[in-house]
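**Student:** Sequence first, predicted coordinates after that:
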Amino acid sequence: MVIGRGREIELVIAGLMAKRHLLLEGPPGTGKSTILRAVAQASGHGFQFVEGNAELTPARLVGHFDPAQVLETGYRSDIWIDGPLARALREGELLYLEEINRIPEETLNLLVTVMSEGELTIPRLGCIQAHREFRLVSAMNPFDSVGTARISGAIYDRVCRI
């Protein structure tokens, strides 16, 4: 239950119903994660949580082939292990990226195509089409906080900012 954030909850619900990706902006401790968890639970959406930090590589976000199996049998789709992005795309879940402005640029770049085209192409695996209910929701602390960076205009152009 969330108390005292009615307007923010209303905006998040409106953005999701309009089939938009969202960016929740605000200082730490203002309830961004709590609001999204409550909305996801109330609406029946699945929820994938990813902590944004400098160690979030594309492979950690997307997924990977099982290395031992690749050595034994080569690249096959049945040895692919979905990461949170691939899982959210397939299942139509909300992918919540906390502190998006702490994520390395190369990881952010793969999100641009996902948000604009609704698909993710993975070498040796193929293309994952986004389920119609998939949404990317990210949160961002003010960019002047320690360890944060400005995110590209390409990301801003593809989200509703709340």
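**Tutor:** Perfect, I can see it now.

**Student:** What ranges does the protein have for its strands?
**Tutor:** 21-25, 47-51, 63-65, 80-82, 94-98, 119-122, 126-129, 135-140, 159-161 (DSSP state E).

**Student:** Who does the last one pair with, and is each partner parallel or antiparallel?
**Tutor:** With DSSP bridges as the criterion, the sheet partners recorded for strand 159-161 are strand 21-25 (parallel).

**Student:** Just the buried residues of the partner strand, please?
**Tutor:** Buried positions in strand 21-25, judged by neighbour count with 16 or more other C-beta atoms under 10 Å: 21-25. Quick note: C-beta positions are derived from backbone N, CA and C, even for glycine.

**Student:** Dump the strands of the chain to a markdown table, plus mean pLDDT and distance to Thr73.
**Tutor:** Formatted as a markdown table, the strands of the chain follow (pLDDT from 0 to 100; distance: least, C-beta to C-beta, whole Å):
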| stretch | mean pLDDT | distance to Thr73 |
| --- | --- | --- |
| strand 21-25 | 92 | 37 |
| strand 47-51 | 92 | 28 |
| strand 63-65 | 95 | 10 |
| strand 80-82 | 95 | 12 |
| strand 94-98 | 94 | 30 |
| strand 119-122 | 94 | 18 |
| strand 126-129 | 95 | 17 |
| strand 135-140 | 93 | 33 |
| strand 159-161 | 92 | 40 |
